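**Q** Here is a sequence with its predicted model. Questions after.
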Amino acid sequence: QVQLVESGGGLVQAGGSLRLSCAASGRTFSSYAMGWFRQAPGKEREFVAAIIRSGVSTYYADSVKGRFTVSRDNAKNTVYLQMNSLKPEDTAVYYCAAGPRAERHGYGYNYWGQGTQVTVSS
């Protein structure tokens, strides 16, 4: 069992930056790939980024590539999402998830956090 808690969301102006954190409970964090997803009002949940267990490889949605960076610190049981050059269309609830593989599909993840709101004003 893994419990995930996101933090770092908030209100930011377009062009600004935020760093989201996702802290995991348990001693097996390093055995999970981690993903970030987001869901805007009235829209389906979408993939944002993922990172493999070792952190060596990362994957991004085209919409955030070059602006967002996913990283992890296995010693701190934490995964991060650095978001730069934010746009109003990045406004959403952001969720982290843990699973056996770094996948773009949400159904590949076993555990989910409660989400953190990110609002980008124009």
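**A** Yep, that arrived. Quantities reported herein were computed from a predicted structural model and do not represent experimental measurements.

**Q** for the most centrally placed residue in the chain, helix, strand, or coil?
**A** Geometric centre of the chain, nearest residue: residue 36, 2.7 Å, by C-alpha atoms, centre = their mean. At residue 36 the chain is in strand, as set by DSSP: H, G, I helix; E, B strand; the rest coil.

**Q** Nearest residue to residue 69 in space, ignoring adjacent ones along the chain?
**A** Leaving out its chain neighbours, the residue that sits closest to residue 69 by C-beta to C-beta, 6 or more residues apart in numbering is residue 82, at 4.4 Å. Backbone N, C-alpha and C define where each C-beta goes, glycine included.

**Q** Please tell me how far that neighbour sits from residue 89.
**A** Distance of residue 82 to residue 89, given as C-beta to C-beta, to the nearest Å: 18 Å.

**Q** Look at the two and report which has more neighbours.
**A** Neighbours were counted for residue 82 and for residue 89 using other C-beta atoms under 10 Å; residue 82 has more, 15 against 11.
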